[in-house]
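K.L.:
Give me a model of this one.
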Amino acid sequence: MSIFEGKTVLITGGTGFLGRNLTRRILQDNPAVVRLFSRDEVKHHLAQQEFNNDSRLRFLVGDVRDYERLKKATRGCDIVIHAAALKRVDMMEYNTSEAIKNNILGTLNVVEACMENKVKKVIMVSTDKACEPINIYGACKFVSERIFIESNYSRGGEYPKFICVRYGNVLSSTGSVIPTFAEKIKKGHKIPLTHPDMTRFIINADQAVDLIFTAIHHGIGGEIFVPILPSFKITQLISALDQIHGKKSEV
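P.N.:
Sure thing, here's the model as predicted:
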């Protein structure tokens, strides 16, 4: 029996790039219901079309800042995957309060709602930037990890089991470096680079989903699952994209 068969699953940020990839794989495991929780009604509409209005899907418009909405969304859930986040590093540097409200207070709301409804397992998707953070996005994710781990030991019962996964940039995810640079290269624009020695850890969408599934299957609560990932310099990425598109970009 699969880990999702007959289960009710909620994915916060469920209409985003990772959320849709999770949904596609979870549906193969014959769940009872998959609830996609997101504040963007346009993305909900697009997801409905992408998944052919699958009768097992529920499209819940809501914001992780809204505790009452989350409490209703998590009612009766077996598994919650918390993937909702504001994640543009540069944008968050100038919108610190919004990063805190969404990424930290939103995580607190998810934890409280899951405790209230005695969800069995709750998985938070974190980032390598939470390790020795130097920006507000990484700092928020570091605090969110602490919230999850602490909650696992102060929950006052057997459930929920709170687990984190932490990995690098998901290949070609929305707004990530590869599609952003590829678009600039195609248009002949300059490529912005903070420092020539900058590197990125990379993981593809299937590997990211596999890691989350591994955490759900093997997690006993209180862990942070961290995969060993390949890395590359951003300058190497620019050279590779230039070759693909037959260009020579100005950096």
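K.L.:
Going by C-alpha atoms from here, please, whenever you check contacts or count neighbours.
P.N.:
Noted.
K.L.:
Buried residues of stretch 91-105, list them for me.
P.N.:
92, 99-105 (16 or more other Cα atoms under 10 Å).
K.L.:
my bad, should have said stretch 167-176
P.N.:
Neighbour-count burial for stretch 167-176, with 16+ other Cα under 10 Å as criterion, is recorded at 167-173.
K.L.:
Same question for stretch 69-78.
P.N.:
For stretch 69-78, the neighbour count (16+ other Cα under 10 Å) marks 69-71, 73-78 as buried.
K.L.:
Which elements pack onto the longest helix along the chain?
P.N.:
Criterion DSSP state H: the longest helix present in the chain is helix 136-153. On a contact count with 3 or more Cα pairs under 8 Å, 6 or more residues apart in numbering; DSSP states H and E, helix 136-153 meets helix 89-93, helix 96-99, helix 106-116, strand 121-127, strand 161-167.
K.L.:
just so I know, which of those lies nearest residue 31?
P.N.:
strand 121-127 (15.1 Å; Cα to Cα).
K.L.:
Paired strands for the closest one, with orientation please.
P.N.:
With DSSP bridges as the test, strand 121-127 is paired with strand 79-82 (parallel), strand 161-167 (parallel).
K.L.:
got CSV for the helices and strands packed on helix 136-153, with mean pLDDT and distance to residue 46 too?
P.N.:
Converted to CSV, those look like this (pLDDT from 0 to 100; distance: least, Cα to Cα, whole Å):
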stretch, mean pLDDT, distance to residue 46
helix 89-93, 91, 25
helix 96-99, 96, 26
helix 106-116, 97, 24
strand 121-127, 97, 23
strand 161-167, 95, 27
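K.L.:
For residue 227, which of the ones you listed is the nearest?
P.N.:
Taking Cα to Cα, strand 161-167 is the member of these nearest to residue 227, at 6.6 Å.
K.L.:
Tell me the first helix or strand C-terminal of that closest one.
P.N.:
Where DSSP states H and E defines the elements, the next helix or strand beyond strand 161-167 is strand 169-170.
K.L.:
which outside residues touch that next one?
P.N.:
The set of residues external to strand 169-170 that reach it, using Cα atoms under 8 Å, 6 or more residues apart in numbering, is 127, 176, 200-205, 208.
K.L.:
Looking at those residues, which is nearest residue 239?
P.N.:
For the contacts of strand 169-170, the minimum distance to residue 239 (Cα to Cα) is 14.7 Å, reached by residue 200.
K.L.:
would you list the strands paired with strand 121-127 in JSON lines and tack on distance to residue 64?
P.N.:
Below are the strands paired with strand 121-127 laid out as JSON lines (distance: least, Cα to Cα, whole Å):
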{"stretch": "strand 79-82", "distance to residue 64": "9"}
{"stretch": "strand 161-167", "distance to residue 64": "17"}
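K.L.:
do you know which of these lies nearest residue 153?
P.N.:
When those are compared by Cα to Cα, strand 161-167 sits nearest residue 153, at 9.0 Å.
K.L.:
tilt between that closest one and helix 106-116?
P.N.:
With axes from the mean of the first three to the mean of the last three Cα atoms, to 10 degrees applied, the angle from strand 161-167 to helix 106-116 works out at 150 degrees.
K.L.:
Many thanks, we can stop here.
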